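Student: The following comprises the amino acid sequence and a computationally predicted model.
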Amino acid sequence: MKRANILFTVSLTLTCLVAACVTGAQKKDEMIREKKIKVILDTDANNELDDQHAIAYMLFNRDFFDIKGITVNETRNGGSIEKHVEEARRVVNLCGFMDKIRVIPGASGNYTEIRDSLDEPDYDGHEAVEFIIDEARQAEGDKLVLVPIGKLTNIALALEKAPDIARKVKVIWLGSNWPDEGEYNLENDTSALAPLLMMDELEFEILTVRYGKASGTWAVSLSVEEVRRTMKGLGPRVEPVEGRHGGSFDCFGDYSVELYDKIGDEIRPIYDVCTLVLLKYPEFADKVAVKGVSFDGTSWQQTGLQDRTIIFLENFNKEKIIEEFFSTMKNSKKLHD
């Protein structure tokens, strides 16, 4: 009898401990949901195919992200600003969020071309820029995170027009080959970077791209075969949506396969996805803090504010990032319901 009582007591204690752990985990999850990261994604959605996957990943992580909206910019690939807006809305609709997430058109030109017209009512990019300013000024508590995955124009214009928002936002940009020259997002508006580097109140992080190098987001890539095998049929079923290349799609997974089939490469990076995954799992990359960062329009230097620190991200954990992306896609129907 004594042995039975001891076993019962041990069993009861273990049961209570397990229950306590489960309750603790649930409370932690609830705290995470209550403290969602407030984000605006700024995208050149029609450029290639990584923006579309970043949008989908963000939407299917709405339990983690408090999505204020999607602003759009025009870069040299993908046509006019209208085409980029159309593609962003296409992905939003394919993910089942039609009329639930705002898509706001932004700048076609660059920062230098536009900044002197910011007092005019209909300056280039005014809808996106004013939206960013309004959302930043409304933000209470934690900072609003601006996630540009194209050129920096909309962000730089918002901060130029309303420098008071610098202390209320954090910018996490997918761009540059730092410390080397070049990179698509940077080259589409080289004038927009320097003003952000000079704002000492602005928290600024940069995910490096580094074409051809294992240390940049370029290395986080998927093969066409991998996408065909994994993505087909994933996502909630929606009313058919016409694709960028024609055809009709009723889920994002099938559109993902189409994008990879049409891109013309057997392997293609998902650069932009890394930005959002790293917001959720910052341990999936190394951070390098650099003081005095400056940019002269072509090259990186360290002649800027010496007490100002910019964070560069490198050495991305490809396996973990891709695992997280595919896991989100596989659970997307459940997350959407």
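Tutor: Structure received.
Student: Tell me where the stretch 101-250 of the chain has helices.
Tutor: Under the criterion DSSP state H, counting those that start in this stretch, the stretch 101-250 of the chain carries helices at the ranges 111-114, 126-138, 153-161, 184-187, 193-197, 224-231.
Student: what's the angle from the third one to helix 126-138?
Tutor: Helix 153-161 runs at 60 degrees relative to helix 126-138, counting by axes from the mean of the first three to the mean of the last three C-alpha atoms, to 10 degrees.
Student: State the distance from the nearest residue to residue 146 once chain neighbours are set aside to residue 123.
Tutor: Nearest residue to residue 146 in three dimensions, chain neighbours excluded: residue 171, at 4.9 Å (C-beta to C-beta, 6 or more residues apart in numbering). C-betas here are computed from N, CA, C, even on glycine. Applying C-beta to C-beta, to the nearest Å, the value for residue 171 to residue 123 is 21 Å.
Student: Counting neighbours, go ahead and name the busier of the two.
Tutor: residue 171 (23 against 18; other C-beta atoms under 10 Å).
Student: isn't the more buried one right next to residue 155, touching?
Tutor: Yes: contact status for residue 171 versus residue 155: in contact at 5.9 Å, counting by C-beta atoms under 8 Å.
Student: any residues in contact with both of these two?
Tutor: 146, 148, 196 (C-beta atoms under 8 Å, 6 or more residues apart in numbering).
Student: Quick one: mean pLDDT for stretch 218-238?
Tutor: For stretch 218-238, mean pLDDT is 97.
Student: first to last residue in that stretch, what's the distance?
Tutor: This stretch, stretch 218-238, spans 32 Å end to end (C-alpha to C-alpha, to the nearest Å).
Student: Show me what counts as buried in stretch 308-320.
Tutor: By neighbour count on 16 or more other C-beta atoms under 10 Å, the buried set for stretch 308-320 is 308, 310, 312-314, 316-318.
Student: go on, stretch 121-135?
Tutor: Result for stretch 121-135 [16+ other C-beta under 10 Å]: buried residues 123-126, 128-133, 135.
Student: Switch these over to CSV; also include distance to residue 178 and pLDDT.
Tutor: Below are the buried residues of stretch 121-135 laid out as CSV (distance: C-beta to C-beta, whole Å; pLDDT from 0 to 100):
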residue, distance to residue 178, pLDDT
123, 30, 98
124, 28, 98
125, 25, 98
126, 31, 98
128, 25, 98
129, 26, 98
130, 30, 98
131, 29, 98
132, 24, 98
133, 28, 98
135, 28, 98
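Student: can you name the two of these that are farthest apart?
Tutor: 124 and 135 (19.8 Å; C-beta to C-beta).
Student: what's the weakest-modelled helix or strand in the protein?
Tutor: Lowest by mean pLDDT, DSSP states H and E among the helices and strands of the chain is helix 2-34, with a mean of 43.
Student: next SSE after that helix?
Tutor: strand 37-43 (DSSP states H and E).
Student: so what strands line up beside that following strand?
Tutor: If you go by DSSP bridges, strand 37-43 pairs up with strand 65-72 (parallel), strand 144-148 (parallel).
Student: Single out the most deeply packed of those.
Tutor: strand 144-148 (a mean of 25; mean count of other C-beta atoms under 10 Å).
Student: from the buried residues of stretch 308-320, which is closest to residue 267?
Tutor: Proximity of the buried residues of stretch 308-320 to residue 267, judged by C-beta to C-beta, is greatest for residue 318, which lies at 12.0 Å.
Student: about what we covered before: between the helices of the stretch 101-250 of the chain, which gets nearest to residue 92?
Tutor: Of the helices of the stretch 101-250 of the chain, nearest to residue 92 by C-beta to C-beta is helix 126-138, at 15.5 Å.
Student: Who are the packing partners of that closest one?
Tutor: Packed against helix 126-138 by the contact rule (3 or more C-beta pairs under 8 Å, 6 or more residues apart in numbering; DSSP states H and E) you find strand 37-43, strand 65-72, strand 103-105, strand 144-148, helix 153-161.
Student: Wait, residue 312 touches residue 180, no?
Tutor: No: counting by C-beta under 8 Å, residue 312 stays clear of residue 180, with 11.9 Å between them.
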